[in-house]
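> Whatever this is, show me its structure:
(2 chains)
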Amino acid sequence: MKLKLQWIYTLLVVLSVQFSFAQERVITGVVSGDAGVIPGVNVVVKGAKTSAQTDFDGSYSIKAKTGDVLVFSYVGMLDLTATVGTASTLSVTLNESQKTLDEVVVVAYGKQKAKAIVGSIATIGSDVLQTQQATSVLSALQGSVAGVSVIAAGGQPGENPVIRIRGTGSINASTSPLVVLDGAPFGGNLNAISADQIETISVLKDASSTALYGSRGSNGVILITTKRGKLNSAPRVTFTTQVGFADNAVKLHELLGSDDYMKYTWEGIRNTNQYVNLQAPALAGTNASNSLVSRLGYNPYTVAQPVDANGNLVTTNKKWDTNWEDLLLNDAAVRKEHTLSLSGGSDNTRYFFTSNYLSQEGNVKTSKFERMTTRLSIDTKVNEWLKAGVTMFYSTSDQNFPTQSGSSFQSAVQWIYTIPSIYPAFRRDGAGDLVTDDKGNTIYDYGSGAPGQLLNATRPQLSTENALGALYNYKIGYKRDNYTANAYLEFTLAKDLTFKTNLAYDKYLYDNFEYSSNEFGNAASVGGRVTQNRDITTSVNFFNGLNYKKSFGDHNLSADLIQEAYQFKIDALGAQGEGYLPGVQVLDGSTTPTSVSGSISEERISSYLARLAYNYKEKYFVEGSYRKDGSTRFNRDVRWGDFYSVGGSWLVSEESFLKDNTILSELKLRASYGELGNQKTLYTATGNANYFPGQQAYETGWNELTNTGIVLGGAVDKLLTWETTATMDFGVDFGLFNNRITGTVDYYSKKSIDLINNKPTPGSTGNTSVITNLGSLKNSGWEFSLNSKNVQTPNFVWNTGLNFSTEKNEITEQPQASIIVGTKRYEVGRSLYEFYIQDWAGVDPATGYGMWYKDVLGTDGKPTGERVTTKTYAQATRYYVGKSSLPDVTGGFTNYFRYKNLDMNILFNFSVGSYVYDSSYASLMEGFKSPGRAGSQDLEGRWQKPGDVTNVPLFLASNNDFNSQSTRFLYKNDYVRLKALNFGYNFPQSILDKTKLSKLRLYFQGDNLLTFQSHKGIDPEQNIGGTTDSRSYNLRVISFGLNIEF
Amino acid sequence: MKTLISKFFIAITALFILVGCSDEFLDEPKPTNTVSADIAFGSREGTEALISGIMRRFRGQYTSTDAAGLNSMFFARSVKGNDLIETDNWFGFDYANDNREPTYRRTTFTWNYCFYMINQANTLINGVNASTALSEGDKKELAAYGHALRGFFYHQLVMEFAPTYSADINFPAPPIYTETSSTGNPMSTVGEVYKLIVDDLTIAVDALTEDRLGKSYINKNVANGILAQVYQVMGNWEGAKNAAIACYGGDPEAVLDAESYRSGFDDIDNVEWIWGSAQTPDQSNYYWNAPAVFIDHKGPYDATYVNRDFVALFSATDVRAYFARKSASITDMNDHRYWITNKFTFSFEGDNVIIRSPEMILIEAEAKARLNDFTGAHDLLYTLQLDRDENAVKSTNTGAALIEEILVERRKELYAENGVEWFDAKRLRRGITRTGNHRIGAAGSLTADDKKFFLKIPQAEIDANPFIEDAVNANR
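Residues are numbered from 1 along each chain as shown, chains lettered A, B, ... in the order given. Down below sits the predicted model:
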């Protein structure tokens, strides 16, 4: 009876449901494509929360009622909708979205169909981002977009790579592209954004695609579009977790061990005694043995004179043998990343929420980057004529940043390359035994002398510092908080007329904290030091745009009229104090406040934009863009600039003569020309922004004791204004064999004139330069990208992508005939990157001395063209050695394989033809000139006796120039890198059916797994100028991940 | 209908926003950490702020650890002589007397720095003279300050870039600017530059008073001290004597304090200091502050050692015999690291000396000796010597021998402060022969009137100044 009642109750419920919803039933079917059934197709009931996925046989089952609309979607296929009829089975065939030209692409201030684009735009999506561990998202552009040069920033996680789009178009103004996040220039640090938030990154390369960014467009523009929900989709939760380890991507230079080091140092002293001071060989050897330990200051050996008069080690027993690399670098840096996102949508509202946690240790011990970030976006259709949406973003990060490069004493890599293994990490007494404090702890050895201790106390190199101690006795940290709110309203004013207004607000708090111990190291003499700087950056971007779209028969027209105002403000505050108790690391504890600082810098841009696009039969396209910008960076008379572009394209494959061609399925020709600006003036010395470069003023802050002080600032050009870059672009997009193979070829030529340049002025006027508009540069190159679907079967898929580009840089006008800048000399007709240095002529077999080439001068004092060798470095001539730090070709190569449920994505990137000047290696090849400096194992091949033919000069423990700047240390820097490898397994539907999950994936992710390089010992990615700076090493990261969806 | 009205309203708003005027929007942002000329020359306080700013620029982290202000120039001169030894470290090339080519940092820094300061001085002079806000009395005094600065830096410049006054007054010397300028001027001559210097310092001595904002500033006494040095170089002994006396006051005993000699040479309040450049923890040159940072072996560099022959000049009871062995393990007296000096103590707040009273006393003594007032010279010399060494014996030398004794006394008193050995050798057209335990011996010696006593003209100046040709360095 009870059972019966229950049954009746159930029936009633079902009936009532039927009344309100009509009857739901199970619909099944098979989804197939050209090549057979497709597993993993998303099936949703439009307007409901129900969704399903096809299983391995391509079949699905979903609850729906008659009249419901099912939406089938799958990556690489066109979405298909089908209405549920009376039948319970509904099988469909999806078409591949072969018409790549029908894809919608994010462009400046809007979206366009790919076929309508007249310029050069490259886009990467989540397929690229998901298969890399891009802690700084833009590093994912490397190897994936032709024409974009990306150089990683070393081993400190959270640092952004250096990015150049189509070469370097400026010498003294910024050469970084403008980054636009969801329509507004991004004012924070890019490391705030995690990859899971990003839908696409579009790189705008030519004038027609960047013209609407006017005064900020000449270096190219990167548009980051974040993910949003989809209307009519069921809620979807995705969780990804990934854990891994990292070490150096490449090995360090090989260093001499202690035993060789001692013997070779002895040899250096002996050689100096013998060849410079002209002592008899036997005496030279004896004296070398006697002075060896006093020269080095330390003796790790158990005997007082470790090397005998013949240069042989007396013993190999040591009290210590320090491996600085092991002590300072992290070979198991932990990386953890977790992401949780949620998305969905109803008929008129859609939402997307994601949050991400990342923690990554770096190459130098204690370096670390920790970030939490979250983003929420909601879009809704309020009514027939109003749409509204908002995105909110918050990110907080903490970066521990021990010195990563450069020549300050604590710089870790420099330390490894300077201090040999014979110096101890911890204090030793004169007998070589460990010294401990009164608690029995070891003490870092700062090498700065100890009272009454003659030996093992004063280190000749980098004394008063200990890089290991520096990691723990100093703290350098950066904290960043970034909050963004971005909201829009879009009104449909008439059938073809919309008005959109968008306000983006961005607040960025940057806190830079430095502490130096009160007891040890660089601030011990003042009782420790704390320096803290806090900058609050606020940017507001306000945009109002009218868009009109109309078709008259075969004529299609689109017009935009936009007004935009941009405001950027940095409010900086800093303080420094000295004199702390042990353990106190906040400014409150300071005895002597040493500095306060604060300033507010503001920049505004006011702009008017217009775009007109027209096409005939979607076959012939023309487009023109115009922007007028007014910038506060320049004085009133010169602050308004006009920027424009025109472009056109012809979809040849739509012509009747090609329409049915079976080989050439798609062909499009493009051309564009435009003139853009660069207003980003910099202080050349600091690389920071210079907000008022045209105003002459007296600088405050130059106080003398207690009196306030000002000094006259540098000379200015009151008429300073934008740089202008004229870019021409020709491109072809094509598809072959029904678009199995697609590709793009572009040629560009960029001419930048009126460069914001330091014009040298006579130093006798009190200023050595003035920033003015002078000089021009030309960049040109070819870009190729090719994609091929090699195999497309239900069980096996293999896709290949290849892209590469060439780049040429030429100075076409400059303020002086020649300007020497480091290892380069700028001259008209040369590139900014061609090395101009002394030419090494090898080692003289008779004397073992290094030689260089010098010009023979004629009677008129001019070079005759003949060259001879010299052993005097000061006489060596500097030459253009025909080698440039700019690669001939850079690019990337990807392969994607899927076999049943296994998939693998492999990305290589490469660079060919560049040269690097390795100053770290030069220092290691010094050959014992200065006491106690580390050496390379390559020193073994040194000249030892007359007649020796070698490239390594004799060791000399006295002044010489053998390792001075010359082609001796200029190396070819070709490399191929396995940048990313992703290998995963998707659990089949049959297993998922037993769970609540719709997706379960396990994967392996490796970044920088392999590097093949022509010059070993340093990471091949150093800097654009091809020089080195003792930078920490790029990471090789190996991770395992899990991805679930329900 | 309602919708239509709303839409119409929105469209009007849109149109209004799109055509809004925006020059006001762009006019608003202004630099916040600079002031205009109106402030600088609008009041005595404003102009004094400019003077303070210029004095602060006597030291600074300019281009490198060895190019950090006047102190770097002085120390480069100090290591060029025979008394000090520099390791292969900062200033190692100056020590080798090898740091003078047109593109070298010493050359460009010394040139650009002096002219930077001269341009600031010209800004001060021009601005004060043009000011309508300052009183006539203030204008005279404040402009005089500018003249003192300009005279001082032109004197440093001409010594660094030309042979000495007595060698050749027609030799091409650095260009003269008496106005701020954005374009270059042609080379002048040594004689013209000295005329400008004497004129400037005469104006300064006349219009400045003894008042000043602190001991790091110039007053009438300091201006006289600078003038005394100038006359010493020019051989105007009457002028040098009078200026020196006007500088230190004429009472040697009142301005000597032997006890302070061993207190580290880092305190501007020392009674012997007439003019210095003071540091405070918040206004420090940090590790860029020669000489102390290099010469104090408790500092980071351990870069400077003392010639054993120089050490041997001091009697054991001389308070200035403040030397020490580097290390008992260095037993070879030929080792250049044998002796160090404890004269200077390095700290971030250590002050630098520019003019000290013993220098003035010795100028007066030298002037008297040159003017054949040997007794007067003996008295002055002995006053100083006795202050330093209770066992000092009064000189009986006359003529050249007395001059030599005074010159040696100058080295013993002033070594490592302002390049006294170089200064004397240059002005007297003598060589400097390296002896003792030098790291770079004979190769670093200088002959009389050696070209290495001055620097070449920087290539960057030649390239940017249409009036100066490459040939300017042909005879340098």
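> can you pull out the helices in the stretch 201-350 of chain B?
Remark: helices of the stretch 201-350 of chain B, listed N- to C-terminal, are B:220-234, B:237-248, B:292-295, B:308-311; assignment by DSSP state H, counting those that start in this stretch.
> what's the closest non-adjacent residue to B:G436?
What sits nearest to B:G436 in space, not counting adjacent residues and going by CB to CB, 6 or more residues apart in numbering or on different chains, is B:D309, at 3.7 Å. From N, CA and C alone the C-beta is placed, and that goes for glycine too.
> what sits against the one you found?
B:D309 makes contacts with B:82, B:435-436, as judged by CB atoms under 8 Å, 6 or more residues apart in numbering or on different chains.
> do the same with A:E618
The neighbours of A:E618, taking CB under 8 Å, 6+ apart as the test, are A:115-116, A:556, A:651, A:654.
> Tell me how many other residues surround the closest residue to B:N270 other than its chain neighbours.
Closest residue in space to B:N270, ignoring its immediate chain neighbours: B:S260 at 5.1 Å, by CB to CB, 6+ apart. Summarising burial for B:S260: neighbours were counted as other CB atoms under 10 Å in any protein chain shown, giving 16.
> what's the burial count for the residue in chain A positioned nearest to chain B?
For chain A, the residue positioned closest to chain B under CB to the nearest CB is A:G766, at a distance of 2.3 Å. Close neighbours of A:G766, defined as other CB under 10 Å, add up to 25.
> That one contacts B:A121, doesn't it?
No. Using CB atoms under 8 Å, A:G766 is not in contact with B:A121; the gap is 9.3 Å.
> what helix or strand does B:F93 sit in?
Of the helices and strands defined by DSSP states H and E, B:F93 is found in helix B:92-95.
> Near the residue of the stretch 301-450 of chain B found nearest chain A, how many other residues are there?
Across the stretch 301-450 of chain B, no residue is closer to chain A than B:S329, which sits at 4.4 Å (CB to the nearest CB). With neighbours defined by other CB under 10 Å, the count for B:S329 comes to 12.
> picking that back up, OK, contacts around the residue of chain A closest to chain B?
Listed by CB under 8 Å, 6+ apart, the contact set of A:G766 reads A:715, B:115-116, B:118-120, B:122, B:177, B:180.
> which residue sits closest to it in space, ignoring its chain neighbours?
Distance criterion CB to CB, 6+ apart; nearest residue to A:G766, sequence neighbours excluded, is B:N119 at 2.3 Å.
> Residues of the stretch 101-250 of chain B that sit close to chain A?
Applying CB under 8 Å from any CB of the partner chain, one finds that the stretch 101-250 of chain B approaches chain A through B:101, B:103, B:108, B:111-112, B:115-116, B:118-120, B:122-123, B:174-175, B:177, B:180-185, B:213-214, B:216-217.
> Out of the residues you listed, which sit inside strands?
Secondary structure defined by DSSP state E assigns none of these to strands.
> List buried residues within the residues you listed.
The neighbour count (16 or more other CB atoms under 10 Å in any protein chain shown) marks B:101, B:108, B:111-112, B:115-116, B:118-120, B:122-123, B:174-175, B:177, B:180-181, B:184-185, B:213, B:216-217 as buried among those.
> ok, and the helix or strand in chain A with the lowest average confidence?
In chain A, no helix or strand scores lower on mean pLDDT, DSSP states H and E than helix A:2-21, which sits at a mean of 48.
> Beyond it, next helix or strand please.
strand A:24-33.
> Averaged pLDDT, that next one. What do you get?
Strand A:24-33 shows an average pLDDT of 84 in the prediction.
> okay, now the domains of chain A?
A:2-93, A:100-229 (automatic domain parsing).
> So which of those domains is nearest A:S463?
domain A:100-229 (26.1 Å; CB to CB).
> mind checking how far the closest one is from the chain centre?
Relative to the chain's own centre, domain A:100-229 is displaced by 11 Å; criterion: CA atoms, centre = their mean, to the nearest Å.
> Most neighbours among the contacts of B:D309, which one?
Counting neighbours by other CB under 10 Å, the one among the contacts of B:D309 with the most is B:N82, which has 23 neighbours.
> any idea which residue sits dead centre in chain B?
Centroid-nearest residue in chain B: B:L70, 3.9 Å away (criterion: CA atoms, centre = their mean).
> State the number of residues packed around the nearest residue to that one once chain neighbours are set aside.
Spatial nearest neighbour of B:L70, excluding adjacent residues (CB to CB, 6+ apart): B:F58 at 5.0 Å. By the criterion of other CB under 10 Å, B:F58 has 20 neighbours.
> Next, the contact list for B:F58, please.
Applying CB under 8 Å, 6+ apart, one finds that B:F58 lies in contact with B:69-71, B:216, B:277, B:352, B:354.
> Surely A:D429 is in contact with A:Q453?
Yes. Using CB under 8 Å, A:D429 and A:Q453 qualify as a contacting pair, with a distance of 6.6 Å.
> quick one: low-confidence ranges for the chain?
The chain I'm using is chain A. In the predicted model, chain A carries pLDDT under 70 at residues A:1-23, A:34-35, A:49, A:75-76, A:96-101, A:683-688.
> actually chain B
Where chain B drops into low confidence, which here means pLDDT under 70, it does so at B:1-5, B:7-21.
> ok, back up a step: touching, the residue nearest to the centre of chain B and B:I354? I think so.
Yes. Here B:L70 lies in contact with B:I354, judged by CB under 8 Å, at a distance of 7.0 Å.
> okay, and the common contacts of these two?
Common contacts of B:L70 and B:I354 (CB under 8 Å, 6+ apart): B:58, B:277.
> Excluding chain neighbours, give the residue nearest to whatever residue of the stretch 351-476 of chain B ends up closest to chain A in space.
Taking CB to the nearest CB as the measure, the stretch 351-476 of chain B has B:N465 as its residue closest to chain A, at 3.7 Å. Nearest residue to B:N465, sequence neighbours excluded (CB to CB, 6+ apart): B:G184, at 3.3 Å.
> Can you list phi and psi of that neighbour for me?
Note on B:G184: its backbone torsions stand at phi -80, psi 160 [degrees, to the nearest 10].
> Tell me which residues touch it, please.
Neighbour list for B:G184: A:761-762, A:764-765, B:175, B:461, B:464-468 [criterion: CB under 8 Å, 6+ apart].
> I'd like to know how many residues surround A:N310.
Quick note: A:N310 (other CB under 10 Å) scores 11 neighbours.
> For A:K871, see how far away B:R434 is.
Applying CB to CB, to the nearest Å, the value for B:R434 to A:K871 is 24 Å.
> which residues does the residue in chain B that chain A sits nearest to contact?
The nearest approach of chain B to chain A comes at B:N119, 2.3 Å away (CB to the nearest CB). Residues in contact with B:N119, defined by CB under 8 Å, 6+ apart, are A:712, A:765-767, B:177, B:180.
> thinking again about what came up before, what's the spacing between the residue of chain A closest to chain B and A:N758?
Applying CB to CB, one obtains 15 Å for the distance of A:G766 from A:N758.
> same deal with B:R320?
When CB to CB is applied, the distance between B:R320 and A:N758 equals 48 Å.
> before we move on, the earlier item: mark which of the contacts of B:F58 are part of strands, please.
Using DSSP E, the members of the contacts of B:F58 that fall in strands are B:69, B:277, B:352, B:354.
> Quick check: A:I163 touching A:A152?
No. Look at A:I163 against A:A152 with CB under 8 Å: they stay out of range, at 10.5 Å.
> how about the strands of the stretch 201-350 of chain B, start to end?
Remark: strands of the stretch 201-350 of chain B, listed N- to C-terminal, are B:273-277, B:304-306, B:323-325, B:339-341; assignment by DSSP state E, counting those that start in this stretch.
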